[in-house]
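A structural model of the following input is requested.
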Amino acid sequence: MKLVLTLIAASVLSTITMDIAGGLLRAIRITQGAPPGLIGKWIESSMKGTVIVEDIRTVPGNSVPLSKFLIYHYLIGMLLTWILYVIIDMSGIHNLSWWQPLIYGFSTSILPLFLMFPAMGFGFLGVKGPPEYLLLRTAVLNHLAFGLGLVLSFRWLIKI
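Below is the predicted model of the structure:
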């Protein structure tokens, strides 16, 4: 039970790190991203069986409220954190280098770049998305920040 609670705490810390960095980067206009409600709309569309759409903005239905998006966002952060823990555990790593969780966090940007953005109708790497969303840059920098959160989580909480 202690491990489960520690992993939950680690996933929250990692995702909060991503959110704080993302907010700061947005505030200084380096990144932007798709609106959270729109991403949540695509997640719900996917859960109903419609993963690939021509343009999520034109799909019937409403954007999800921020509170619902945050639930999805933190559940995904939890899943990705737990996957890293399982990889480390199965690999038998006992002394995790700082760069390993950072690279893993960076590699999770594959999910929006090659799955979510194309499925939302924004093309691979988000190149067909609205230019003001800065999708590629936002995804890479936010997921790098998630990796930084993983570094902190695995050093301070999980202690591998």
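
Could I get the full set of helices for the chain?
Assigned by DSSP state H, the helices in the chain fall at 2-27, 36-47, 66-91, 99-107, 110-111, 117-119, 135-153.

If we go by neighbour counts, what in the first one is buried?
What it means is helix 2-27. 7, 10-15, 17-19, 21-22, 25 (16 or more other CB atoms under 10 Å). C-beta: built from backbone N, CA, C; applies to glycine.

gap between that helix and the chain center?
Put simply, helix 2-27 sits 10 Å off its chain's centre (CA atoms, centre = their mean, to the nearest Å).

what angle separates it from helix 66-91?
Relative orientation of helix 2-27 versus helix 66-91 (axes from the mean of the first three to the mean of the last three CA atoms, to 10 degrees): 130 degrees.

before we move on, the earlier item: among the buried residues of helix 2-27, which pair sits farthest apart?
Largest separation among the buried residues of helix 2-27 by CB to CB: 7 and 25, giving 26.7 Å.

which of the helices of the chain sits most buried?
Across these, the average number of neighbours (mean count of other CB atoms under 10 Å) peaks for helix 135-153, which reaches a mean of 22.

Please compute how far that helix lies from its chain's middle.
Chain-centre distance of helix 135-153: 8 Å, with CA atoms, centre = their mean.

Show residues contacting it.
Helix 135-153 is contacted from outside by 9-11, 13-18, 20-22, 25, 30-34, 77, 80-81, 84, 98, 101-109, 112-113, 117, 122, 125-127, 129, using CB atoms under 8 Å, 6 or more residues apart in numbering.
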